[in-house]
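> Would you be able to build a 3D model of this:
(one chain, ligands or ions: 1)
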Amino acid sequence: MRERKTFETDAYARELKTNILKVFENKGYYCVVLEDSILFPEGGGQPGDRGRIGSANVLDVIHGHSGDTREDIHIVDSLLEPGPTEVHLDWKRRFDHMQQHTGQHLLTAVARGRFGWATTAFHLGPDLCDIELDAPQITRGQRHELEEAVIGEIIAARSVSAFWVTQEEYKTRDVRSRGLPDGHQGDVRLVEIQGLDINTCGGTHMSSTSELECLKLLSAEPIRGGTRLFFIFGKRLRDRMEAHEQRGHQLRTILGRPDDALAAAIEQRIAHEKELERSLRHTEDELADLYAKFMAAEPGTLLVRHFENKDAGFLQKIVRLLLELDNNRAIFVTAEKDGNAFFSLAAGSACEADIPKLGREAAAVLNGKGGGSGRQFQGKFGDLSKLREAAAILRAGVK
Ligand SMILES: [Zn+2]
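Numbering: from 1, shown residues only. Coordinates of the predicted model:
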């Protein structure tokens, strides 16, 4: 087994010829141990790499147990044989991780150096990254100041390098570290941003801060007494900007307004929509009132009507108004809207119809479901072609 893996000495290596030493299955996954690797195992907030080993796709790389030893385990999607192989790295994904991870080193160093804020956590997500700083509050102005300071260090193109020191030498150096892991053996890997920061890290890094390209601090929010700061570096920032531009173009086309008038245009539309809804509700109330009066003037012990493009709420209004106008008769009203059909059966206090029984019978004919007790029964149904049949049954029942 090599003491140093290629991903530790050359973060830019994308292909490697090496040997598969061990192959085993664990919990249904095919696992591979390599003599050497360019694939970084998950650690220090940086996700494990993806790529290929021979003909198999790499699903993840972790530093874990295989038998009694801890080593880098490559989880692959098909069975491989021990022996010579070629390893390929998903470089696009790794490059992004290197930008975000190296960027975090720089951001952490500047936050500590300029503002005295220590980083207590780091998270590299698929869309956003964040660090937690031991600052109870970070103002908008401080956020901009921090961003400008980091941009200054990107422009300064400071070299970034990784090297190993003995544990004795490590103790004599001024290293930013949260301490070595329990049981750490052998040399300590340090990552230095020239003239700015040295810390312990096993991850993969750009060779210069200039390769970080750019930074945007997106937002800050309080967390556990400190502040969580969301950020993105480099290509990820340019991709996000591209998505913003496309969305902006869509919105400008839809609303026919320039960027700085979009928010006001949307607010205006929402206010207009609310006004329309209020007006529609008022018209429906008036309509229900008119229909109720119109139906109350009809002859017969059962009043029947179907409404297009109305919902259960409208039926409830009609029933309530009719019962107020006339408590001698029964009412059977139905409606349909957006592919749904509703019914409501009710009787006034002076009408002797057995509404729960008749409601169940009507629901059965209409291929529907409903419920109620006493003087009202309502529900939804499926078969609009059975409306006449249901009305006939009800007419017979309320006589
Ligand atoms: Zn690192």
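
> List the buried residues for stretch 159-177?
V160, A162, V165, Y170, V175, R176 (16 or more other C-beta atoms under 10 Å). Using the backbone N, CA and C atoms, a C-beta is placed for each residue, glycine as well.

> OK, contacts around E221?
Counting by C-beta atoms under 8 Å, 6 or more residues apart in numbering, E221 touches T227, R228, F230.

> if you set the cut-off to 10 Å instead, what comes out?
D130, I138, T227, R228, L229, F230 (C-beta atoms under 10 Å, 6 or more residues apart in numbering).

> measure stretch 62-80 end to end?
Terminal residues of stretch 62-80 are spaced 18 Å apart (C-alpha to C-alpha, to the nearest Å).

> Next to the ion, which bits of the stretch 151-300 of the chain? Give me the list.
Contacts of the stretch 151-300 of the chain with the ion, taken as C-beta under 5 Å from the ion, map to C201, G203.

> now the strands for the stretch 151-300 of the chain?
160-165, 188-193, 197-200, 215-223, 226-233 (DSSP state E, counting those that start in this stretch).

> H123: which of the ones you listed is closest?
Proximity to H123 (C-beta to C-beta) singles out strand 226-233 among the strands of the stretch 151-300 of the chain, at 8.7 Å.

> G313: how many residues sit nearby?
13 (other C-beta atoms under 10 Å).

> V175 touches L190, doesn't it?
Yes: using C-beta atoms under 10 Å, V175 makes contact with L190 at a distance of 6.3 Å.

> any common contacting residues for those two?
V165, I198, N199, T200.

> wait, which of those is closest to K92?
Taking C-beta to C-beta as the measure, N199 is the one of these closest to K92, at 26.6 Å.

> Report the separation between G372 and A362.
G372 sits 11 Å away from A362, going by C-beta to C-beta, to the nearest Å.

> Neighbour count: these two, which is higher?
A362 (26 against 16).

> A helix includes that one, no?
Yes: inclusion of A362 in a helix is indicated when DSSP: H, G, I helix; E, B strand; the rest coil is applied.

> Now do I75 against H97, distance only.
Separation of I75 from H97 (C-beta to C-beta): 18 Å.

> secondary structure element for the residue nearest the centre of the chain?
Nearest to the geometric centre of the chain sits D127, at 9.6 Å (C-alpha atoms, centre = their mean). Counting by DSSP states H and E, no helix or strand carries D127.

> so who does it touch?
When contacts are counted by C-beta under 10 Å, 6+ apart, D127 touches F230, I232, R236, D239, R240.

> Dihedrals phi and psi, it?
Per-residue torsions, D127: phi -110, psi -50 (degrees, to the nearest 10).

> Renumber starting at 2 from here on
Got it, the first residue is 2 from now on, which makes the last one we talked about D128.

> ok so, going back, which residues are in contact with both of G373 and A363?
Residues touching both G373 and A363 (C-beta under 10 Å, 6+ apart): L346, G380.

> Below-threshold pLDDT in the chain: ranges please.
2-3 (pLDDT under 70).

> Can you give the domain ranges for it?
For the chain, automatic domain parsing gives the domain ranges 7-90, 95-243, 285-399.

> Widest-spaced pair of the contacts of D128?
F231 and D240 (15.7 Å).

> Of these two, give the one with the bigger neighbour count.
For F231 and D240, the more surrounded residue by other C-beta under 10 Å is F231, and the numbers stand at 17 against 13.

> surely that one meets F123?
No: F231 is beyond contact range of F123, at 11.9 Å (criterion: C-beta under 10 Å).

> Overlap in contacts, these two.
Shared contacts of F231 and F123 (C-beta under 10 Å, 6+ apart): C130, D131, I132.

> In the sheet, which residues pair with the second one? Tell me.
Translated: D131. Counting by DSSP bridges, D131 is bridged to H124, F231.

> Hmm, T121 and it touching each other?
No: look at D131 against T121 with C-beta under 10 Å: they stay out of range, at 11.4 Å.
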